[in-house]
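Trainee: generate a structure from the sequence data that follows.
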Amino acid sequence: MSDGAGMGSKFVGIANHVWEKVCEKVKRAVVFMDCGCADSLHWVGGISKLLQAGAINVKEFSSFEAGLPGQTKAVFVVSTLLKGRTADIIRDIVTLSSFQYCVVITAVSHNAHLFANNVTAELEQDLVFEQFGELLCQWMGNMNYTGEVMHLPILMAPIVPHLFITPAYSSFFSFVPQDLKLINNTRPDKKKFGSLNDVDYHSLPFQLQTQIRSFVSSLNSVFELLQLKEECFAVGPTSRIIAGELANYSQAKQRRKHGQFKASIVFVDRTLDLSGSVAHHGDSLVEKILNTLPKFPGLASDVKVNMVDLTAVQNNEETENMIAPGCLSQPNDPSSKALWESMLNMKHKEAVMEVRRHLVEAASKENLPIKMSLGRVTPEQLNTYVQLFKTNLKVLENHCGLLQLTMATAQTLRHTCYSKWDNFLAFERLLLQTLDDSDVPCVLTQLLSIIKPHGERDALDYNLEEILVLLVYIYSVVGELKMDETMDKAECAVKKALVQSLCDEPNLSQILQQMTGCSSASELTSNIATDVVEQVFETLRGIARARAHMKQFKTLYSPGGNTHQAMFQPLVKQILEEIFRPDRPDTVDIEYMSGGLTELLKTGFSMFMKVSRPHPSDHPLLILFLVGGVTISEVRVIKDLVSTYKPGCQVIVLSTRLLTPLDVTQLIFANDRLHPDIGV
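Mentor: A predicted model of the protein is given here:
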């Protein structure tokens with residue numbers, strides 16, 4: 001995004017700088033790395049970065065791994081606290097090996113370690129790290145060996161220069177209104193909260209407090225490297241807590257005194273617009289690829305591309321995992337990296353044609369016998385072109401990144417799930433028109449007709465997870481519901497159909513296993529299915545209330561009229577349109593969180609004289625952080641808005657992960673948001 005390119009390159013530089021610091025430690029070492037850090041490394045150079053720096057091997061961070069005899073140095077790179085499960089795994093690996101020098105690099109700061117150990121005092125030395133270093137020597141069996149522990153802010157992964165994710169926090173999701181009930185369950189009657197907006201940081205379970213403190217501390221470390229001096233804003237109750245913690249974090253206050261680059265960071269709760277995260281009207285090739293192909297093992301935001309067609313191996317289910325998979329991330333190949341950025345920024349049709357253009361140019365450059373074809377791009381055509389590269393190993397190596405992106409495109413276009421995309425889109429459009437003409441019970445009645453038991457479904461029918469996706473879209477876009485007899489009756493009919501369909505499933509998907517607590521269909525009873533469906537609808541009703549407290553951003557769609565149809569209005573679009581307004585009105589729903597005594601004085605003076613309140617567009621850099629994930633379509637919406645409004649600031653998008661609709665159902669219905677697994 002030219003709008004965020006200047007500062008975006010600095011963000012990319014910091015992400016690379018952190019891994020260069022890791023590389024300084026890995027010479028002649030066996031490296032053990034957890035998934036959170038591996039996901040981050042994946043987007044800045046991958047395993048080759050460590051091997052080129054002299055690492056002997058890179059292994060999974062697991063108690064089942066160890067060094068070989070004669071390997072005397074180990075480097076552990078983890079995204080977690082150095083206690084509990086993480087400490088146990090390091091101990092297991094070290095005691096099974098013959099290391100004499102161990103380096104542990106954690107993405108969690110020493111300050112966050114002190115918090116997790118209930119130490120409130122600010123210490124001069126890194127006491128927790130020093131103690132862990134001594135433990136390493138004990139586990140190695142000789143106190144004269146070397147145990148070194150350090151913190152590096154391994155937080156951000158650059159998807160493109162204007163979009164970054166935080167893989168270590170990929171399961172972190174903003175509050176759902178149902179969470180209020182769980183928070184209040186642990187509080188006395190007189191101290192129960194009336195709404196999620198009343199919940200403060202210290203009222204949260206300790207695991208969530210620790211996760212937020214770790215996140216804020218890592219973000220502060222990144223901002224320190226960037227020399228930022230930011231003001232914090234929030235939209236939503238979870239964002240309010242995070243922004244408040246960052247604004248008041250003692251080390252961040254100290255950093256801001258010397259910060260050179262002024263910025264605004266606006267945290268936004270994903271829960272306020274779940275429709276946008278499960279919608280299918282983005283017209284993005286990359287979004288369809290992420291939604292269609294299987295996840296890359298161990299990574300939250302990339303896919304597994306089947307590369308068997310580039311080999312002599314026969315392509316079938318048995319051989320699928322014999323060849324290392326391809327992926328979308330191509331940070332080491334400038335040409336493929338440029339294509340990836342184009343694919344992400346373009347509309348579907350343009351992106352597919354761009355893939356073909358790059359492939360034709362590469363084939364021509366290598367003097368391959370390619371037959372040019374104009375008109376519509378088909379998966380068969382792309383596969384035919386790809387086969388030309390197969391016979392020449394050097395050519396294959398030169399264009400490996402391009403071939404991975406091409407095969408991802410071809411495999412998506414011919415996938416059975418791809419043909420469902422238009423069905424989802426048609427249903428969403430029908431829903432918006434129906435909402436315009438009638439009410440939710442009518443929509444639920446229409447949904448009822450497409451809920452089918454497993455035995456009656458064909459390839460184009462919706463499975464249970466996809467029905468959940470549609471329900472999330474319905475309840476989020478509708479907003480506050482009018483609960484009456486008609487609504488109850490419509491919901492009961494859908495519940496009954498869902499329970500029957502759930503009980504008829506011969507095999508439970510991973511999401512359904514997590515939701516039901518059953519590892520196989522044989523364990524699932526009618527009572528369990530009924531309870532699960534009841535919980536789903538309780539959560540859905542909460543989602544419908546999520547924007548009830550808002551004044552500006554209460555609705556996500558604009559009604560149709562004589563000249564236009566009803567339109568979905570993404571929350572990020574509404575927020576940025578409000579921020580970019582030339583008259584700069586007070587942003588009622590975008591709460592300023594950096595105000596201390598000075599802000600209180602300003603508020604007081606504003607009663608007698610005009611005082612300018614802080615505004616998100618005040619500074620040359622605007623960081624939009626979506627807590628819970630962002631979709632590629634939303635990133636494109638943001639890019640288009642910046643191109644239209646041409647504000648006087650650069651825009652960078654940060655988020656916890658790239659989202660697909662099925663990710664959303666897992667994060668809402670099968671994720672303990674209040675008690676995250678911090679390994680302790």
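Trainee: A426 sits in which helix or strand?
Mentor: Counting by DSSP states H and E, the element that carries A426 is helix 421-437.
Trainee: output that helix in CSV with nothing but the alpha carbons.
Mentor: Output in CSV follows, covering the C-alpha atoms of helix 421-437 (Å, rounded to 0.1, in the frame of the first residue of the first chain):
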residue,chain,number,x,y,z
TRP,A,421,-18.4,-19.7,-2.9
ASP,A,422,-21.1,-18.3,-5.2
ASN,A,423,-23.8,-20.2,-3.2
PHE,A,424,-22.7,-18.5,0.0
LEU,A,425,-22.5,-15.1,-1.8
ALA,A,426,-26.1,-15.6,-3.2
PHE,A,427,-27.4,-16.5,0.3
GLU,A,428,-25.7,-13.5,1.9
ARG,A,429,-27.2,-11.1,-0.7
LEU,A,430,-30.6,-12.7,-0.3
LEU,A,431,-30.3,-12.3,3.4
LEU,A,432,-29.7,-8.6,3.2
GLN,A,433,-32.7,-8.1,0.9
THR,A,434,-34.9,-10.2,3.2
LEU,A,435,-33.8,-8.2,6.2
ASP,A,436,-34.8,-5.1,4.3
ASP,A,437,-38.2,-6.4,3.5
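Trainee: for that helix, packing partners?
Mentor: On a contact count with 3 or more Cβ pairs under 8 Å, 6 or more residues apart in numbering; DSSP states H and E, helix 421-437 meets helix 440-448, helix 464-478, strand 567-568. Using the backbone N, CA and C atoms, a C-beta is placed for each residue, glycine as well.
Trainee: out of the ones you listed, deepest packed?
Mentor: Mean neighbours per residue, mean count of other Cβ atoms under 10 Å, is largest over those for helix 464-478, with a mean of 23.
Trainee: can you pull the contacts of the residue nearest to V355 when sequence neighbours are not counted?
Mentor: In this structure, V355 finds its nearest non-sequential neighbour in T409, 5.0 Å apart by Cβ to Cβ, 6 or more residues apart in numbering. Taking Cβ atoms under 8 Å, 6 or more residues apart in numbering, we find T409 in contact with L285, I289, A351, V352, V355, P379, L382.
Trainee: turn these into JSON lines, including distance to Q500.
Mentor: Formatted as JSON lines, the contacts of T409 follow (distance: Cβ to Cβ, whole Å):
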{"residue": "L285", "distance to Q500": "37"}
{"residue": "I289", "distance to Q500": "34"}
{"residue": "A351", "distance to Q500": "41"}
{"residue": "V352", "distance to Q500": "40"}
{"residue": "V355", "distance to Q500": "43"}
{"residue": "P379", "distance to Q500": "37"}
{"residue": "L382", "distance to Q500": "42"}
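Trainee: out of those, which sit inside helices?
Mentor: Filtering the contacts of T409 for membership in helices, criterion DSSP state H, returns L285, I289, A351, V352, V355, P379, L382.
Trainee: out of those, which two are the most distant from each other?
Mentor: Spatial extent of these (Cβ to Cβ) is set by the pair A351 and P379 at 14.0 Å.
Trainee: more neighbours, those two?
Mentor: Each of A351 and P379 has its neighbours counted (other Cβ atoms under 10 Å); A351 has more, 22 against 18.
Trainee: thinking that one is in contact with W340, fair?
Mentor: No - counting by Cβ atoms under 8 Å, A351 does not reach W340; the two are 10.2 Å apart.
Trainee: got the contact list for D34?
Mentor: Taking Cβ under 8 Å, 6+ apart as the test, what D34 contacts is F61, V77, V78, S79, T80, T86.
Trainee: what helix or strand does the closest residue to the fourth one other than its chain neighbours sit in?
Mentor: Residue nearest to S79 in three dimensions, not counting chain neighbours: G36, with 3.1 Å by Cβ to Cβ, 6+ apart. Counting by DSSP H and E, the secondary-structure element that holds G36 is helix 35-42.
Trainee: who are the packing partners of that helix?
Mentor: helix 2-23, helix 47-52, strand 73-78, strand 157-160.
Trainee: thanks again, I'm all set now.
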